[in-house]
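**Student:** show me how the following folds:
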Amino acid sequence: MAKFLYRVGRWSFLNKWKVIIAWLILVAAAAGAMATLMKPMTSEYSISNTPAIDATHRASELFPEAGNLANAPSVNLVFQAPEGEKLSDPENMAAIQDVVDYIKDNLGVEGQRFGNPLEVSPQLQQSVIDQFTSMGLPEETARADADNLAMVNEDETIAYTTFDFDADSANSVKQEDKDVVTAAMELGREQGLTVEGGGAGFGDAIAVEEMSEIIGLAVAFIVLVFTFGSLVAAGMPLITAVVGVGLGAMGVMIATHWVTLNSITPVLALMIGLAVGVDYSLFIISRYRQERARMEPADAAGMAVGTAGSSVVFAGATVFTALFALLVANIGFLTAMGLSAAGTVAVAVLVSLTLVPALLGLFGKKAFAGRIPGIAGNPTRRGRVRHGETMGSRWVRFVQRMPGLVMAVVVLGLGALTTPVLHMQLALPTDTTSDPDTTQRKAADLMAEGFGPGINGPFLVIVNGQDANPDSAALAPYMAAQAEGTDQDKATLSSFLYTASQLNQVGGVKHAQLVGLNGEGTAAQVMVTPETSPSDARTEGTAQALRTATEEIADSTGADIGMTGLTAVQLDITERLQAAMLPYLTIVVGLAILLLLVVFRSLLVPLVAGLGFLLSVGAAFGVTVLVWQDGLTGLVPAPGPLISFMPIFLIGVTFGLAMDYQVFIVTRMREHFIRNPRGSQAFHGKYNAVEESTIVGFAQGARVVTAAAIIMIAVFVAFIGQPLPFIKIFGFALAAGVLFDAFCIRMALVPATMFLTGRATWWIPRWLDKILPTLDIEGTKLEEEWEARHAAEPVDTSH
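**Tutor:** Numbering: from 1, shown residues only. Modelled structure (predicted):
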């Protein structure tokens, strides 16, 4: 592979205009295709073959007029009276009516629960009492049901009304319709009311503020300047990264013509593609600068792509594979995210292998122009060149003196940071987890204050009673209370009443009640309001108890029962993701060990790499839990559960990046060890061969890996400034993962382990060495061939 990449790099350097024009044409074609083919994205998180999803499909069949109950384009408008006043005061009543009338006039909204809540709520409650008492329910039970549906709290300070937009789903609501609701809310606010809006149909569109990319690129440029000491060289990785991530993002948009993608998909592709794009170009340009000391420009470009480029291909393939392996979770939206990010990484690799050497050829001898005096080995303004050990060399010699202490600090420190994972909570984004400054979060908080936290996430149990057993002992008391109807009709109605009664006894349930029958009277909806909010960990336990109860009810009555609703669907997704994490982690770690075994021909190196990855990703999880869930440091205004797919996605991305740094540092160590298996004269026998190769290889690779890690951390940290909480959390968690893996594992634990294990570091059984394929990603044979070919030729390095 190294020889092939050498030819690719050399050809790209010599045919710079062909390569550059080809990439420009590709960018223009992608932009045109995106403008023509792009379709709207969705904010839905959906999966198939789960109990809640199956119940949702069943509900759509039994209640076709209700649409998709788990994704209804619903809106909750919440009103709060000024301090010391009631909503029933005349001026406040009039203000509420103005809001409602504005929405009616501009959207033509109707509905049983839409209107001025102080008028609608009493009427609705009385109709519930009348209807259910006529069905044979005790008046006390009917009044409890009516009270649970109240739209005004007891002291008349908080009230709400709800309606659905004229749209197929929450995702397809037009922005102009949302703007009407916003304008109506302003009418109420101008008259002194607190008016907030929430609900699935009133969510904010997922958007990325450009400032994050600008900040990330700005920090990257500064780091690159200190790495290369040149303004021109510092700019090249940014150019190639923007080309790569731009093509990747446009590819995601083009794919929406055939596949419905979640709105967060391009965001994650953008974050990861930008970070790896800069890093991969950095590695190749850095190697090119080293090779220019002994080679002509075209050969140096070819050698840089053949050596560092081989590592880029391996590292990119590892990241690609880790993201592609998200297929294991068997969750559609997660698979799409993984494939999109993987595709962007693949483009970043291709750009690095071809466009980077083309730009080096374009700039020629000016590739390192704009030198900054005194930086990166450049002479100072007085012409002095700084000599002496680099920071990387000093650090690795410190590790060599105390490897046991370094290992203990890293393992115990990261292990301690991992412990918060034991109480990690996961959930999907809802109004209750939105930023506190948003109207959606304020609406949810007001609803919880006025009517209890469970009102923000009720469950909906669907009871199909057409096959209910008339001979069921459980239904007998309810059937006996009915004077008219066939036994089957009585059993059907009794199954509804019995289900509501039994679910009211489940722990964690505030109230369960019938809220609707289908036209044939064969199916019913039972709304179950939990005592806790959707983001509360206890709600998951309530959901499990409800499922157990519905199974028991189905067995005893013969009715077909399922549980759906937005909260139930989200809990199903969260559970599926949690179940997929261990298999996925096993695959990823196993893959890491296998790939590194092939590359480094060592048993110990892959084992340390895999265990180190577990430590770094565990610590990243732990710190994220401490800050974003537990609220440590007080920097997060609204601590709460982490987004459900963050852990599994973080595992994939961190794994890929961890292998990047492992390859770029350890290949230099192995390269020196292979060339000097008994040590070299340069160190005068001060170190053994393994210690020498570790010190030399680390010193050669530490600077560029440090720069790459800082750049990647900066890119991810910049996304903490995004408005949506889950994007903030992703940025923080990925930055933490890179920080721990690059600086604690690859730059501390790995060399410390090598110093402790000595020659065992590079030991592998002969039989295993023979059957493993050979991958020369260091480019050792390529360099040997070049040196033999040019040994007697003078080299012009003045270009």
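
**Student:** where does the prediction get shaky in this protein?
**Tutor:** 42-47, 66-71, 204-210, 376-377, 381-389, 681-685, 776-780, 791-799 (pLDDT under 70).

**Student:** distance from the centroid: which residue in it tops it?
**Tutor:** Ranked by distance from the centre of the chain (Cα atoms, centre = their mean), the top residue is Ala483, with 57.3 Å.

**Student:** assumed that residue was part of a strand.
**Tutor:** No: Ala483 sits outside any strand when classified using DSSP: H, G, I helix; E, B strand; the rest coil, being coil.

**Student:** next up, phi/psi of it, please.
**Tutor:** Dihedral pair for Ala483: phi -90, psi -30, per degrees, to the nearest 10.

**Student:** over to the one 3 residues further on?
**Tutor:** Here is the backbone geometry of Thr486 (degrees, to the nearest 10): phi -70, psi 170.

**Student:** can you offset everything so residue one is 66?
**Tutor:** Sounds good: first residue 66 from here, last item Thr551.

**Student:** care to break the protein down by domain?
**Tutor:** 66-103+279-450, 135-267, 476-500+645-844 (automatic domain parsing).

**Student:** okay if I get these as a markdown table plus mean neighbour count?
**Tutor:** (Each C-beta comes from the backbone N, C-alpha and C, glycine too.) Formatted as a markdown table, the domains of the chain follow (neighbours: other Cβ atoms under 10 Å):
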| stretch | mean neighbour count |
| --- | --- |
| domain 66-103+279-450 | 21 |
| domain 135-267 | 18 |
| domain 476-500+645-844 | 21 |
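
**Student:** which one of those domains lies nearest to Ile118?
**Tutor:** Proximity to Ile118 (Cβ to Cβ) singles out domain 135-267 among these, at 7.8 Å.

**Student:** if we can go back for a sec, mind checking how far the residue farthest from the centre of the chain is from Val193?
**Tutor:** 22 Å (Cβ to Cβ, to the nearest Å).

**Student:** swap in Arg123?
**Tutor:** To Val193, Arg123 is 25 Å away according to Cβ to Cβ.

**Student:** and the strands in the stretch 166-315 of the chain?
**Tutor:** All strands of the stretch 166-315 of the chain, identified by DSSP state E, counting those that start in this stretch, fall at 223-229, 259-263.

**Student:** next, format the ones you listed as CSV and append distance to Leu425.
**Tutor:** What follows is the strands of the stretch 166-315 of the chain, written out as CSV (distance: least, Cβ to Cβ, whole Å):
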stretch, distance to Leu425
strand 223-229, 59
strand 259-263, 54
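
**Student:** go through those strands and name the closest to Glu640.
**Tutor:** With Cβ to Cβ as the measure, strand 259-263 is the member of these nearest Glu640 (24.8 Å).

**Student:** counting by contacts, list what that closest one packs against.
**Tutor:** If contacts are counted by 3 or more Cβ pairs under 8 Å, 6 or more residues apart in numbering; DSSP states H and E, strand 259-263 sits against strand 139-145, helix 240-255, helix 504-516.

**Student:** list the contacts for Asp220?
**Tutor:** By Cβ atoms under 8 Å, 6 or more residues apart in numbering, the contact list for Asp220 reads Lys151.

**Student:** nearest to Phe463, out of the domains of the chain?
**Tutor:** domain 476-500+645-844 (9.9 Å).

**Student:** how distant is the closest one from the center of its chain?
**Tutor:** Distance, stretch centre to chain centre, for domain 476-500+645-844: 18 Å (Cα atoms, centre = their mean, to the nearest Å).

**Student:** same thing with stretch 634-654?
**Tutor:** Mean-position distance between stretch 634-654 and its chain equals 13 Å (Cα atoms, centre = their mean).

**Student:** one more: stretch 303-318?
**Tutor:** Using Cα atoms, centre = their mean, the offset of stretch 303-318 from its chain centre is 19 Å.

**Student:** same check on stretch 322-332?
**Tutor:** How far stretch 322-332 lies from its chain's middle: 14 Å, per Cα atoms, centre = their mean.

**Student:** and stretch 140-150, by the same measure?
**Tutor:** On Cα atoms, centre = their mean, the centre of stretch 140-150 falls 35 Å from that of its chain.

**Student:** and that stretch, how far apart are its ends?
**Tutor:** For stretch 140-150, the separation between the terminal residues is 25 Å (Cα to Cα, to the nearest Å).

**Student:** what of stretch 480-491?
**Tutor:** One end of stretch 480-491 to the other measures 21 Å (Cα to Cα).

**Student:** give me the contacts around that stretch.
**Tutor:** 600, 602, 639, 642-643, 680, 683-684, 686-688, 690-691, 694-695, 705-709, 711-712, 805.

**Student:** same check on stretch 287-300?
**Tutor:** Against stretch 287-300 from outside (Cβ under 8 Å, 6+ apart): 286, 302-303, 343, 347, 350-351, 354, 428, 431-437, 440-443, 768-769, 772, 775-776, 779.

**Student:** now it, how far from the chain's geometric center?
**Tutor:** Using Cα atoms, centre = their mean, the mean C-alpha position of stretch 287-300 is found 31 Å from that of the whole chain.

**Student:** quick one: end-to-end distance for it.
**Tutor:** End-to-end distance of stretch 287-300 (Cα to Cα): 10 Å.

**Student:** quick one, what contacts Tyr404?
**Tutor:** Not quite, residue 404 is Leu, not Tyr. Leu388, Phe389, Leu391.

**Student:** pretty sure the last one sits against Leu399.
**Tutor:** Yes: taking contact to mean Cβ atoms under 8 Å, the distance of 5.5 Å between Leu391 and Leu399 places them in contact.

**Student:** anything in contact with each of those two?
**Tutor:** Among the neighbours of Leu391, those also in contact with Leu399 (Cβ under 8 Å, 6+ apart) are Ile713, Phe714.

**Student:** separation between Gly762 and Phe808?
**Tutor:** Distance from Gly762 to Phe808, counting by Cβ to Cβ: 17 Å.

**Student:** part of a strand, is Gln590?
**Tutor:** Yes: Gln590 forms part of a strand when assessed by three-state DSSP.

**Student:** doesn't Gln578 belong to a strand?
**Tutor:** Yes: according to three-state DSSP, the state of Gln578 is that of a strand.

**Student:** contacts only, for the residue nearest to it when sequence neighbours are not counted.
**Tutor:** Closest residue to Gln578 apart from its sequence neighbours, by Cβ to Cβ, 6 or more residues apart in numbering: Asp210 at 4.0 Å. Residues counted as contacts of Asp210 (Cβ under 8 Å, 6+ apart) are Val193, Ile194, Phe197, Leu202, His576, Gln578, Leu579.

**Student:** reformat those residues as JSON lines; add distance to Ile161.
**Tutor:** Formatted as JSON lines, these follow (distance: Cβ to Cβ, whole Å):
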{"residue": "Val193", "distance to Ile161": "22"}
{"residue": "Ile194", "distance to Ile161": "24"}
{"residue": "Phe197", "distance to Ile161": "28"}
{"residue": "Leu202", "distance to Ile161": "32"}
{"residue": "His576", "distance to Ile161": "26"}
{"residue": "Gln578", "distance to Ile161": "26"}
{"residue": "Leu579", "distance to Ile161": "29"}
